[in-house]
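> generate coordinates for the sequence data below:
(2 chains)
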2 protein chains.
Amino acid sequence: MENIYNAFMFMQEVYKKRRRAFLEAIRDREITRGTILLLANSHCPRNYPDNCYPFRQDSSWLYLIGLNIPDLACTLDIESGESCLYADELGLEDIIWTGELPSPEELAYSVGIEKVSPTSALFDSLGQAPKLREPVFILPPYQDRQITRLSEIFGAAGSSLRELIHRHVDPRVILALVSVREIKAPEELTEIERAVSITKVIHEELLHELKTGWTEKDAADFVLSRASAQGCELSFSTIATCHPSVLHNSPTEHVATVHDTFLLDAGVETPLGYAGDLTTTFPVGPGFSHQSKEIYQVLCESFKTATNALAPGVRFLDVHKKASLTITKGLVSLGLMKGDPVEAVDLGAHALFFPHGLGHQIGLDVHDMEGLGEDYVGYGEELKRSEQFGLRSLRLAKTLKPGMVHSVEPGIYFIPRLVQKWRTERICENFLNYDIIEKWMSVGGMRIEEDWCIIDKGARRLGPAFDKSIEAIENVRANR
Amino acid sequence: MENIYNAFMFMQEVYKKRRRAFLEAIRDREITRGTILLLANSHCPRNYPDNCYPFRQDSSWLYLIGLNIPDLACTLDIESGESCLYADELGLEDIIWTGELPSPEELAYSVGIEKVSPTSALFDSLGQAPKLREPVFILPPYQDRQITRLSEIFGAAGSSLRELIHRHVDPRVILALVSVREIKAPEELTEIERAVSITKVIHEELLHELKTGWTEKDAADFVLSRASAQGCELSFSTIATCHPSVLHNSPTEHVATVHDTFLLDAGVETPLGYAGDLTTTFPVGPGFSHQSKEIYQVLCESFKTATNALAPGVRFLDVHKKASLTITKGLVSLGLMKGDPVEAVDLGAHALFFPHGLGHQIGLDVHDMEGLGEDYVGYGEELKRSEQFGLRSLRLAKTLKPGMVHSVEPGIYFIPRLVQKWRTERICENFLNYDIIEKWMSVGGMRIEEDWCIIDKGARRLGPAFDKSIEAIENVRANR
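Coordinates of the predicted model:
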């Protein structure tokens, strides 16, 4: 009993501490008064109003408030730090259908919130009832339901997303929240590591189990079924494909043949909401084709270059460039590219093969905090996103700090429509041997992804080791 | 190849036939001109804009148009029957990320739609571009995103749901759609039967596998994992509970003990979108308690009474009443109720134990067509919903017709807060032996549910037989 009580007090303190740190970070950015208005997510109807998708709480709410219940709201007074939970008592009908729940007071107490009001007070509070201190700041809403709720709260029915953001979203508030959420506390690292470990086991299982004749959808169903059996949800829609050159292919009824290369990009989300995200590429048959093996080797070298470069104080943009340079050197040595590799990377020639970014932060969202705005999360005040093809898809660029968690995921692809377009428009033709590239198109595409945490003296791979070398992968596939 | 071509032409004809039948049913209701505007569903963001729930198409769209692609729209001219698909060509960026897709023209052709326009034409079409014939009718939207889209299409940014429904939803159009969707064609029955059969296997597996020590969430995860392994989704959020007296309990970390009665209400949805929906109640230990056995026996009799009464021309309201009467008689014989059973049912006294309805239609939605409005689907023009507690929760009441598919799901519950309220307010005290009821509260609750199809000469249970008698259930639980 004492243990439960201690755990309970611990969580109460955790949420109070996080809210305090958030408000301090806001005040550090010279906002000294006003109110932060936070909304819990709502249920999303799937095919009719009462048949909803499994409820997923908003991640900033989970981080700051924790209560995994829809439709709640909370206000934080920036100056005093006082917090108020907006929640309603259940009626008898609710209790018959959905059972008893803690009272609003009990909910608030459990996460260290001082005050409680009925939800209606919030809809009034900017009119007559207890006034919120102006200005009122919100986080950018991403569900249409939240836009509707905010419009109603602010008494501006039918406000568009743009109007709401213009009036109530302040970049300094977002940057303050990013600054606290991006440094993972020990209890968060434990949970992310758990997500990564479960994800890793599922990837290894598929590597062992997938047979010719499986469809892509079979593989995706396999992942979901293993995740559910572990009590987890998926952190994003599984990419399970025999056509890795389509970057975000939805699983189809396409049947895996002995000539295919299979790519699995999938991760689980733990019941507390933390995500894992890994990518594994392997031959459906017993081994890689000769060309695929050459490309996979280049990919492994790029992955190694990138992970060796991870450390506090290093800009992830530079890690991305190092990984790109390794890919370019490898492709030059195979005759697919030519010229000076450094110059080629500067001009973005390698992006024909590697058109996406090297990674993104991971936490309560698999692309952590992306709902707050990618540039605030990945570039901050320090950097501006490039407009160059390839580099413009880099989600994380800024300087790494201890406690940050992110993916490392170089890829090499042969995308027919992209090669065709570049060749026709003679893009970067001084760096690309198009005639040779055409002979390698059947490689399709490959990606390796693992999740890392920045520590004081470098970086640490999350989850148990998983040997993705050619030898290890072929050993599994040949000896099934 | 010829087979594929034949299957393809078959589906094209199916959708054309369904749309023709829908428009005829509209014209039968004296709407002779105007336009039906149908919207495909959109992706629903889960925890940030690009991380969406698995896409689920709208069921009326699936029925009439079939294309399982988000964000499309379609118009049907009521007079001429001409149809137009609103869809856009993919750009190179889309192709790189999501792969090639058939062109709008190919999509339209595959489901027998004559015309194609870019989506922008729709947003214009009520302004300058090719005008839709007025009046324009819509189906009631249930996703906030659709409300936003409709507001934009009608050039009334920020219209509320109420305004949209007032202006563009006509009950005659809804009743016309219900009249065609509720009679299941052979190819639909095959698919529903498949959903029910897979669902039944999962229920039987859980009946065999569940052990003391499992949490409710373990059981729900088990169901999801088995559904995924079969390539299916869940047709609704699984109810897996040791506390069946909470009707729609979400699975918790509550651990099943040898004294608990377990209730599973769960169903799968096939890849084509058709739903199964079954409920199984069983003891966690080797057998029911004495009291639970008595109540379960009453429930079985009620279930049998109901299913024996199913036939074309019979009102489901009367089947519900027969099932209620059987429950009442059973509870009178056990001493829980008293007085004349017929009178007790008329006054709704039995609803203390059976506060929900006997069933609902099943098809592309597990509560079929519920998004169109429960009363249109379950009561039509024929009946008005009662306001009496219990009866007011009856979803299906109208006269049964061959081709209709629905659940039969009587339940008996001991809901503490409800008993307490009724006793305090002395509700129906001439029919309820509250002192005795208090001694049966530990039974908690039970429900049996199977899915049936009305045929010319009665009704047919869907899926393979599944013996839910006390002997059969206890035999499984005692011999695991």
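> from now on I want contacts and neighbour counts done on CA atoms only, so please keep to that.
OK.
> return the residues in contact with whatever residue of the stretch 251-400 of chain A ends up closest to chain B.
Here the stretch 251-400 of chain A gets closest to chain B at one residue, A:Gly371, 4.4 Å apart by Cα to the nearest Cα. Counting by Cα atoms under 8 Å, 6 or more residues apart in numbering or on different chains, A:Gly371 touches A:Pro140, A:Pro141, A:Tyr142, B:Asn47, B:Tyr48, B:Pro49.
> may I see the ChimeraX selection of the buried members of the residues you listed?
To isolate the buried subset of the contacts of A:Gly371 in ChimeraX, counting by 16 or more other Cα atoms under 10 Å in any protein chain shown, use the following:
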select /A:140,141,142 /B:47,48,49
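> farthest-apart pair in the contacts of A:Gly371, please.
The distance between the two most remote of these (Cα to Cα) is 12.0 Å, for A:Pro140 and B:Asn47.
> is any residue of the helix or strand where A:Ile412 lies near chain B?
Counting by DSSP states H and E, the element that carries A:Ile412 is strand A:411-413. No. Strand A:411-413 stays clear of chain B (Cα under 8 Å from any Cα of the partner chain), getting no nearer than 10.2 Å.
> buried residues in that strand, which are they?
Applying a neighbour-count criterion of 16+ other Cα under 10 Å, one finds A:Gly411, A:Ile412, A:Tyr413 buried in strand A:411-413.
> and the closest residue to A:Lys329 other than its chain neighbours, how many neighbours does it have?
The shortest distance from A:Lys329 to any non-neighbouring residue, by Cα to Cα, 6 or more residues apart in numbering or on different chains, is to A:Pro341 (5.9 Å). A:Pro341 sits with 22 neighbouring residues when counted by other Cα atoms under 10 Å in any protein chain shown.
> contacts for stretch A:133-144?
So stretch A:133-144 is contacted by A:33-38, A:77, A:147, A:161, A:165, A:168-170, A:173-174, A:371-372, B:44-46, B:48-49, B:144-145, B:148 (Cα under 8 Å, 6+ apart).
> over to stretch A:58-66?
A:15-16, A:18-19, A:38-41, A:67-68, A:111, A:181, A:273, A:364-365, A:369, B:47.
> equivalent analysis for stretch A:101-108, please.
Under the criterion Cα under 8 Å, 6+ apart, residues A:Leu67, A:Leu85, A:Tyr86, A:Ala87, A:Asp88, A:Glu89, A:Leu90, A:Ile95, A:Glu114, A:Lys115, A:Val116 lie in contact with stretch A:101-108.
> what does the one helix or strand the second one maps to rub up against?
Spelled out, that is A:Leu85. Per DSSP H and E: A:Leu85 is located in strand A:83-86. With contact meaning Cα under 8 Å, 6+ apart, strand A:83-86 is reached by A:72-77, A:104, A:108, A:113-119, A:121-122.
> averaged pLDDT, it. What do you get?
The average pLDDT within strand A:83-86 is 96.
> for B:Val201, see how far away A:Ser80 is.
58 Å (Cα to Cα, to the nearest Å).
> more neighbours: which of those two?
Ranked by neighbour count (other Cα under 10 Å), A:Ser80 and B:Val201 place B:Val201 first, with 16 against 12.
> am I right that the more buried one falls within a strand?
No. Going by DSSP: H, G, I helix; E, B strand; the rest coil, the assignment for B:Val201 is helix, not a strand.
> how near is it to B:Asp467?
B:Val201 is 12 Å from B:Asp467, where distance means Cα to Cα.
> tell me the buried residues in the helix or strand hosting A:Ile473?
Assigned by DSSP H and E, A:Ile473 belongs to helix A:470-478. Neighbour-count burial for helix A:470-478, with 16+ other Cα under 10 Å as criterion, is recorded at A:Ile470, A:Ile473, A:Glu474, A:Val476, A:Arg477.
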